[in-house]
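Asker: build me a structure from this.
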Amino acid sequence: MIVSHFYKETLIATVIGIATFIAYQTFQRRSIRRALHGRGKQKREELNQPQPLFVSLQRTVDPHVQQKILSLTATQVRQQIIDGRLKCIEVMIAYCLKCDQVNKKVNALFEKHYDAGIKDALELDAVLASKRKESKEAFLSFVSDRFLLGIPISVKDVFEMKNSDSTNGILACCNSKFESDGAVVQVIRRSGGIPFCKTSVPQLLMMCENWNNIIGDTLNPYDLTRSCGGSSGGEGAIVGGGGSCIGVGGDIGGSLRIPAHFNGIIAYKPSTKRTLLNGKVWCFNDDGKARYTSKFGILPSVGPMARCMDDIVLFMRAFWTPKAFELDMYSAPIPFRDEMYLRSFKPTLTVGYFINDGWFTAAQCVQRAINECVNGLRTRYKYNIVPIEFDKGPEILRIYLRYMFASDSNMSSYIHALRGESLHPQFQMAKFYMDIPDVLKRWLVHPLLRCFGERRKAFFLEQAAMNGGLTSKQLQQMLYEIMKFRYEFWSFIERQCDEKIDVILSPVCCYPALPLGFSKDFATSLTSTWLQNILDCCAGSIGPVTFVKSDECHYDEKYIPMKERDLAAKKLNEYMLNAKGLPVNVQVFGRPFDDEIVLRVMKELEDWVNSTSDGQE
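Answerer: Residues are numbered from 1 along each chain as shown. Below is the predicted model of the structure:
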């Protein structure tokens, strides 16, 4: 009886202990989530607070002047400020008003810095007036290397900026302001630019659409039911809607180029050795403020988004100057090379192109865009055109995924970074799969997916499952494979014709902007932008070169290979039904350090599109 009573009491104590532990853990999780949602609420309240200086001055600029300013490119605005025809304060107020209007539509802002921007504009006007009085030489000396003089610049959330957060799209990093500017924002200010807002990003930056628990979805200005892309989606939506003339974002897998394609604007990803690697914040560490990337096999790149190529080039001139090189000693000190950008450098270029990469067949509108651009370069500029048969899409996917998720196969670093915040649905599906025991994955899940025709999903998940906790030897092998792929790719390109291929045209994405929530089904389709990050080369998204036509609102399975006829293809056919009028961009990329040649071809494509009516339906 005594033994029986002892076991009974032990059992009761154990049950009470387990129940208490579960209750405590549940209470703790709820407390953490309440605190996190409190941070998000505070962030939203701060965003909606009126900006007193902006409110008091917004009616001081004539509406006709505002319309005139908004109709100009940033390059034209700068020149009119230099000529004395516009004041910096007029430009700033015009864009604050427009940005507010656009944001109400697309929900793209994390922070408004209108009052700070207005103060900076007033100070700059005072300095310009003083320099004019001093002497013509003093004035010209002051403005000569300030390429962004008086231009309002929207800034992606991830860049360090005084009195600003860098949240990476997670609640835990809200309301933790920086006391000074990082390198990227310093370059903008030293070049005369005026940061005036911070734009939204997806949770942990790792999605091709823009959703987070802070403000929700950011929408596409062309169609509010569709995605603006990611991770520089907030920039894409604000610039695409006309709320900013130049924005700055980052790209480690298409984060500049995809939003540009979805929102019908232009973006440029410089060669990573010619960009700044500091001044950008990563939240995958304990204090939430890591200023340096730990990914050296596939590097991020900082670049501009704008609505015309002149403004893209203007921004790159500002970033490729001694002022910028001083801020990052690991950035190659190569200034903007006009001799390479001008047509006189090499009048006739050789341009390669491919439409598909053997992994995800491009929609009809994307194929037409590539073909039209190729014909434009051939007929207008007499360039040599070389078609390329390229089928390395599966290899791109394998390398990119295995490297980007090399540290852990169960997303532990993501979970840790969130600090109790719920994962995005796309990540929840991946997390669920990664938690399945490897034996079941190998002998049950993968065979079942193949039986049901989901070959691409099976391959994708296989690569994701192979990652995590790599030994130093395995990581060294992974880095070797990346370098091997780079050199073999360019050797392959050189074998395509007798002459050196200067640039290559390819799709930015295999489809136009898709409905909100699409990314959970299309994470496997991004090889067209992952390629350039693996190659560590320069690349741009130029457009819109055309718009989706009514007879292209489909994705017919009978025109794609059997291995691609899966759920993603069926969903794409459904998503294309109401795609008429959406913008379509084209990607231009070239060898590392050949940035000016890539920029030149992008400018020539823009001129060709503007000279024809083929880009519109």
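
Asker: run a quick neighbour tally on residue 382.
Answerer: 10 (other Cβ atoms under 10 Å). Every residue, glycine included, has its C-beta placed from N, CA and C.

Asker: for it, grab phi and psi.
Answerer: Here is the backbone geometry of residue 382 (degrees, to the nearest 10): phi 60, psi 40.

Asker: wait, it sits on residue 348?
Answerer: Yes - counting by Cβ atoms under 8 Å, residue 382 touches residue 348, with 6.2 Å between them.

Asker: and residue 215, what is it in contact with?
Answerer: If you count contacts by Cβ atoms under 8 Å, 6 or more residues apart in numbering, residue 215 has them with 43-44, 47, 107, 109-110, 200.

Asker: worst-scoring helix or strand of this protein, pLDDT-wise?
Answerer: Using mean pLDDT, DSSP states H and E, strand 290-292 stands out as the lowest-scoring helix or strand of the chain, at a mean of 60.

Asker: from the contact counts, what lies against the very next helix or strand once past that strand?
Answerer: Next in sequence after strand 290-292, counting helices and strands by DSSP states H and E, comes strand 301-306. Applying 3 or more Cβ pairs under 8 Å, 6 or more residues apart in numbering; DSSP states H and E, one finds that strand 301-306 makes contact with helix 233-240, strand 246-251, strand 266-269, helix 309-319.

Asker: mind putting those in CSV, mean pLDDT included?
Answerer: Output for these, formatted as CSV (pLDDT from 0 to 100):
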stretch, mean pLDDT
helix 233-240, 98
strand 246-251, 97
strand 266-269, 98
helix 309-319, 98
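
Asker: which one of the ones you listed is the most hemmed in?
Answerer: Of all the helices and strands packed on strand 301-306, helix 233-240 carries the top mean neighbour count, a mean of 34, counting by mean count of other Cβ atoms under 10 Å.

Asker: next, residue 499: secondary structure please.
Answerer: coil (DSSP: H, G, I helix; E, B strand; the rest coil).

Asker: what about the residue lying closest to residue 245 once chain neighbours are set aside, neighbour count?
Answerer: If the residues on either side of it in the chain are set aside, residue 245 comes closest to residue 74, at 4.3 Å by Cβ to Cβ, 6 or more residues apart in numbering. Using other Cβ under 10 Å, residue 74 has 28 other residues around it.

Asker: what pLDDT is listed against residue 11?
Answerer: Residue 11 is assigned a pLDDT of 77 by the prediction.

Asker: pretty sure the residue nearest to residue 245 is touching residue 305, no?
Answerer: No - counting by Cβ under 8 Å, residue 74 stays clear of residue 305, with 11.5 Å between them.

Asker: now do the shared contacts for these two.
Answerer: Both residue 74 and residue 305 are contacted by residue 246, under the criterion Cβ under 8 Å, 6+ apart.

Asker: shaky segments in the protein?
Answerer: For the chain, residues meeting the criterion pLDDT under 70 lie at 1-7, 24-33, 282-295, 407-409, 464-469, 613-617.

Asker: residue nearest the middle of it, spatially speaking?
Answerer: The chain has residue 255 as the residue nearest its centroid, 2.1 Å off, counting by Cα atoms, centre = their mean.

Asker: contacts only, for the closest residue to that residue other than its chain neighbours.
Answerer: Among residues not flanking residue 255 along the chain, residue 231 sits closest, at 4.2 Å (Cβ to Cβ, 6+ apart). Residues near residue 231 by Cβ under 8 Å, 6+ apart: 169, 201-202, 205-208, 210, 249-250, 255.

Asker: who wins on neighbours among those residues?
Answerer: Neighbour max across the contacts of residue 231 (other Cβ under 10 Å) = residue 210, 35 neighbours.

Asker: what's the closest of the contacts of residue 231 to residue 329?
Answerer: Using Cβ to Cβ, residue 250 is the member of these that lies nearest residue 329, at 19.9 Å.

Asker: so who does the closest one touch?
Answerer: By Cβ under 8 Å, 6+ apart, the residues touching residue 250 are 156, 158-159, 231-232, 256, 280, 300-303.

Asker: name the nearest of those relative to residue 563.
Answerer: residue 231 (29.2 Å).

Asker: list the buried ones in the helix or strand containing residue 367?
Answerer: Here residue 367 sits within helix 364-381, counting by DSSP H and E. Across helix 364-381, burial judged by 16 or more other Cβ atoms under 10 Å covers 364-370, 372-374, 376-377, 381.

Asker: contacts for the helix or strand that it is followed by, please.
Answerer: With elements assigned by DSSP H and E, the helix or strand that comes after helix 364-381 is strand 384-387. With contact meaning Cβ under 8 Å, 6+ apart, strand 384-387 is reached by 348-354, 374, 377-378, 496-497, 499, 501.

Asker: please apply the same query to stretch 39-57.
Answerer: Residues from elsewhere that reach stretch 39-57, judged by Cβ under 8 Å, 6+ apart: 89, 93, 96, 109-112, 114-115, 118-119, 165, 167, 171-172, 174-175, 213-215.

Asker: what about it, how long is it end to end?
Answerer: From its first residue to its last, stretch 39-57 covers 31 Å (Cα to Cα, to the nearest Å).

Asker: and what of stretch 208-228?
Answerer: The separation between the terminal residues of stretch 208-228, taken as Cα to Cα, is 9 Å.

Asker: and what of stretch 39-56?
Answerer: First-to-last residue span, stretch 39-56, Cα to Cα: 29 Å.

Asker: swap in stretch 296-305?
Answerer: Start-to-end span of stretch 296-305 (Cα to Cα) is 24 Å.

Asker: now do the helices in the stretch 451-600 of the chain.
Answerer: For the stretch 451-600 of the chain, applying DSSP state H, counting those that start in this stretch gives helices covering 455-465, 472-494, 519-522, 527-535, 567-575, 595-611.

Asker: what is the burial count for residue 333?
Answerer: 13.

Asker: in this structure it contacts residue 327, no?
Answerer: No - Residue 333 sits out of contact with residue 327 when judged by Cβ under 8 Å, with a separation of 11.3 Å.

Asker: just the buried residues out of the contacts of stretch 39-57, in PyMOL syntax.
Answerer: The following PyMOL line selects those of those that are buried, judged by 16+ other Cβ under 10 Å:
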select buried, resi 89+93+96+109+110+111+112+114+115+118+165+167+171+172+174+213+214+215
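
Asker: now, the contacts of stretch 39-57 that are in helices?
Answerer: Counting by DSSP state H, the contacts of stretch 39-57 place 89, 93, 96, 114-115, 118-119 in helices.

Asker: closest one of the residues you listed to residue 142?
Answerer: Among those, residue 89 lies closest to residue 142 (Cβ to Cβ), at 17.7 Å.

Asker: ok, and the closest non-adjacent residue to the closest one?
Answerer: Spatial nearest neighbour of residue 89, chain neighbours left out: residue 121 (4.5 Å); criterion: Cβ to Cβ, 6+ apart.

Asker: just checking, next helix/strand downstream of the helix or strand the one you found falls within?
Answerer: Assessed by DSSP H and E, residue 121 sits inside helix 114-134. Heading C-terminal from helix 114-134, the first helix or strand you meet, by DSSP H and E, is helix 136-144.

Asker: give me the residues contacting that next one.
Answerer: Outside helix 136-144, the residues that touch it by Cβ under 8 Å, 6+ apart are 82, 127-128, 131-132, 149, 192.

Asker: try it again with 6 Å
Answerer: 82, 131-132, 149 (Cβ atoms under 6 Å, 6 or more residues apart in numbering).

Asker: got CSV for these, with distance to residue 533 and neighbour count too?
Answerer: Listed next are the contacts of helix 136-144 as CSV, based on distance: Cβ to Cβ, whole Å; neighbours: other Cβ atoms under 10 Å:
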residue, distance to residue 533, neighbour count
82, 37, 18
131, 42, 17
132, 45, 13
149, 32, 25
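
Asker: closest one of the residues you listed to residue 100?
Answerer: Nearest to residue 100 among the contacts of helix 136-144: residue 149, at 23.5 Å, using Cβ to Cβ.

Asker: is it true that that closest one touches residue 193?
Answerer: No - with contact defined as Cβ atoms under 6 Å, residue 149 does not reach residue 193; the gap is 7.8 Å.
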